[in-house]
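Visitor: Sequence and predicted structure, then a few things I'm wondering about:
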Amino acid sequence: MSQRWSSTKEEADAFEAEAAAIEEWWQTDRQKHIKRPYSAKSIAALRNVGFKIEYPSSAMGRKLWRILNEHNSNGTYELTFGTTEPMIAKEMAKHLQTIYVSGALCGLSQAAWPGADHADYPADLVPSVVKRLFNTQLWHDQRQTQMRMRYSEADRQSLECIDYFLPIVADGDMGFGTLTGCMKMVRSFVESGVAMIHIDDLALGLKKFTNGEGRTIVPTSEYLTRLTTARMTFDIMGADTMLLCRCDSDHAEFITGVIDPQDHPYVLGATMEVASFIQAIEQCKADGKGYLTVKAEWKAKAGLKTFDDAVQSVATQDQYSAYVAEVSGKTVPLQDRRKIAKKHTGKDVFFDWELPRLPTGQYMWQWSTRAVIDRAILAAPLGDMTWSRQDKPNKKDMHEFHSEVRKVFPARLFAFGYTGAYDFVKAGYTEEELETFPRDIAKMGIIWQVQPIWATQGLSLHANQFAAKFKKEGIAGYMRDVARPAIAGMATDKYGRPTARGDYLADAFFDVVAGVDIAGVVQ
Ligand SMILES: C[C@](O)(C(=O)O)[C@H](CC(=O)O)C(=O)O
């Protein structure tokens, strides 16, 4: 049996050196803002000591970090869109700085069995799409090198010279379940060449889109565990991949558990002794009432409130102020809130957060911008960027959120998604407001902006229009409106030959294998 280390002394030295290298890495500009709840030695103890793999994802993470920080310093922004298609990613390189790979789009168009944005596809699906895009970037860069190296330096001045290496940002959804499952997903992302992934605080398997209800989030502690898991995996791999802390608490309506006292101020409870919501739902089946009607009626009957609002409703102004003074600015669990409320009001405040629970187990949750800010601030030190996802962008809430987070983290980078279903004009924005919207929000630090699911609107629209026209006008229409402009728009060399082709790359392989020197030879 061959020994990994010749002596325990050699092993101990290698281990110390590994831990020291990690410490040093954590002091670099790219890493130094991150606060880890673990030591460099713990990470070294989880590594292949003395066996460093340099992942392309690291180089892409550093490139993205530089691009985004430049925008942050200049007050400018990058606006991109989502794709899963290598051919489209190639065209994006001519105009944009980044590419997005959406979970929703992968679920719809890349999974063996399609579905909506439920993150119910295999955990390595989005990484596999990223890998295909990244390999395409490598290939286009390689064929471009080969094409350019056939020409003299003077001739190269007029040849296409595109940076195909657009950093790819991808959707890590909810981290795909268990801690070790999340680690495997993150590992696949790093191996794919991704520059940044986002992980959110949504509950697995509980997204509903059509019943008019808000989404379900997980307790703050679970969200932080997800982010820490992703960070730990990057650290074990020694990767500079960026982590975007996405928070879906804006307009969330439910939370899966009450284990974290930091969430207690926002959990709703019944303030009246009523039958449970589950019993009310059962009853509604007998009465034939709709679910949403029953929910609204039940909430009113139950006097649904947060605990603090329940205290306010039974306290005098002075009592309530004394209560607030004692609970604000710190984490106070419900059981202590009860005691403090009793101390100031002399009453046992009736509040039951079990009664509103849903048949699927969730507790009811009172979202507020403050609740989102609280989460984002706790998450920020683990990640490199923050995104508070909104179904409906509300500039006032956005301003409050970003300025409050920036009070704590002045150089924070923020992201924003122009979610597919939102129609700005229908929602009352004027064309002028829409025109300046990206610039306006960039002033809040939102320097990476994305239309994530363009394919479901734009690509579908183009395909629909083209198919109808193709049917009507056939190959003559195709020649006129597609082939001719495409050929006319192709970059060419001084002999009029298209340069963005892959054929000469394959030919070059043949030549090199046959011992022919190819550099500087135009064929
Ligand atoms: C970004 C997103 O996670 C996605 O999967 O693309 C979606 C997109 C959308 O709903 O338009 C999201 O924002 O939840």
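Guide: Yep, that arrived.
Visitor: So residue 320 versus the ligand, what's the distance?
Guide: 38 Å (Cβ to the nearest ligand atom, to the nearest Å). Backbone N, C-alpha and C define where each C-beta goes, glycine included.
Visitor: For the residue nearest to that residue when sequence neighbours are not counted, grab phi and psi.
Guide: Distances taken as Cβ to Cβ, 6 or more residues apart in numbering put residue 312 closest to residue 320, at 5.0 Å, once the chain neighbours are dropped. Dihedral pair for residue 312: phi -60, psi -40, per degrees, to the nearest 10.
Visitor: cool, and residue 287?
Guide: Per degrees, to the nearest 10, the backbone of residue 287 is at phi -80, psi -10.
Visitor: hang on, the earlier thing: okay, now the residue nearest to residue 320: neighbour count?
Guide: 20 (other Cβ atoms under 10 Å).
Visitor: thought it was touching residue 319?
Guide: No: counting by Cβ atoms under 8 Å, residue 312 does not reach residue 319; the two are 9.2 Å apart.
Visitor: Tell me the residues of this structure that contact the ligand?
Guide: 82, 102-105, 117, 171, 389, 417, 419-420, 452-453 (Cβ under 6 Å from any ligand atom).
Visitor: now those residues in JSON lines, with pLDDT?
Guide: Shown next, in JSON lines, are the residues of the chain next to the ligand (pLDDT from 0 to 100):
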{"residue": "82", "pLDDT": "97"}
{"residue": "102", "pLDDT": "97"}
{"residue": "103", "pLDDT": "96"}
{"residue": "104", "pLDDT": "95"}
{"residue": "105", "pLDDT": "95"}
{"residue": "117", "pLDDT": "85"}
{"residue": "171", "pLDDT": "97"}
{"residue": "389", "pLDDT": "94"}
{"residue": "417", "pLDDT": "96"}
{"residue": "419", "pLDDT": "87"}
{"residue": "420", "pLDDT": "76"}
{"residue": "452", "pLDDT": "95"}
{"residue": "453", "pLDDT": "92"}
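Visitor: and the two most separated of the residues you listed?
Guide: Put simply, by Cβ to Cβ the two of the residues of the chain next to the ligand set farthest apart are 105 and 389, 15.8 Å from each other.
Visitor: which of the two has more neighbours?
Guide: Remark: of residue 105 and residue 389, residue 105 carries more neighbours, 25 against 21, as counted by other Cβ under 10 Å.
Visitor: Tell me how far that one lies from residue 168.
Guide: Distance from residue 105 to residue 168, counting by Cβ to Cβ, to the nearest Å: 13 Å.
Visitor: which residue ranges form the strands in this protein?
Guide: Taking DSSP state E to define them, one finds strands in the chain at 78-81, 99-101, 168-171, 196-199, 216-217, 242-247, 254-255, 268-269, 305-306, 363-364, 385-388, 414-417, 446-451.
Visitor: Look at the residue nearest to residue 320 and report its pLDDT.
Guide: Here, the pLDDT recorded for residue 312 equals 97.
Visitor: What of the one 10 residues further on?
Guide: According to the model's per-residue confidence, residue 322 sits at a pLDDT of 97.
Visitor: Correct me if wrong: it contacts residue 346.
Guide: No: with contact defined as Cβ under 8 Å, residue 322 does not count as touching residue 346 (11.9 Å).
Visitor: who's more crowded, those two?
Guide: Ranked by neighbour count (other Cβ under 10 Å), residue 322 and residue 346 place residue 322 first, with 15 against 10.
Visitor: Pull the number of nearby residues for the closest residue in space to the more buried one that isn't next to it in sequence.
Guide: Nearest non-adjacent residue to residue 322, counting by Cβ to Cβ, 6+ apart: residue 344, 4.7 Å away. As a burial measure, residue 344 scores 19 neighbours (other Cβ under 10 Å).
Visitor: same deal with residue 140?
Guide: Neighbourhood size, residue 140 [other Cβ under 10 Å]: 20.
Visitor: With residue 171 instead?
Guide: 26.
Visitor: Bridging across strands, which residues link to it?
Guide: With DSSP bridges as the criterion, residue 171 is bridged to residue 198.
Visitor: Check the contact between it and residue 194; I expect there is one.
Guide: No: if you go by Cβ under 8 Å, residue 171 and residue 194 don't touch, sitting 10.2 Å apart.
Visitor: got any residues that touch both of the two?
Guide: Common neighbours of residue 171 and residue 194 (criterion: Cβ atoms under 8 Å, 6 or more residues apart in numbering): residue 101.
Visitor: Just the C-alphas of stretch 167-180, formatted as PDB.
Guide: Once non-C-alpha atoms are left out, stretch 167-180 reads as follows in PDB (Å, rounded to 0.1, in the frame of the first residue of the first chain):
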ATOM      1  CA  PRO A 167     -19.300  35.500 -16.500                       C
ATOM      2  CA  ILE A 168     -22.400  33.200 -16.000                       C
ATOM      3  CA  VAL A 169     -24.700  33.800 -13.100                       C
ATOM      4  CA  ALA A 170     -27.000  30.900 -12.300                       C
ATOM      5  CA  ASP A 171     -30.000  29.900 -10.200                       C
ATOM      6  CA  GLY A 172     -29.200  27.600  -7.200                       C
ATOM      7  CA  ASP A 173     -32.800  28.000  -6.100                       C
ATOM      8  CA  MET A 174     -33.300  26.700  -2.500                       C
ATOM      9  CA  GLY A 175     -30.100  24.700  -2.500                       C
ATOM     10  CA  PHE A 176     -31.900  21.400  -3.200                       C
ATOM     11  CA  GLY A 177     -32.600  20.100   0.200                       C
ATOM     12  CA  THR A 178     -30.300  18.500   2.500                       C
ATOM     13  CA  LEU A 179     -26.900  20.000   3.600                       C
ATOM     14  CA  THR A 180     -24.900  17.400   1.700                       C
END
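Visitor: Give the full set of residues in contact with the residue of the stretch 251-400 of the chain found nearest the ligand.
Guide: Across the stretch 251-400 of the chain, no residue is closer to the ligand than residue 389, which sits at 5.3 Å (Cβ to the nearest ligand atom). Contacts for residue 389 (Cβ under 8 Å, 6+ apart) come out as 200, 246, 247, 248, 250, 417, 419.
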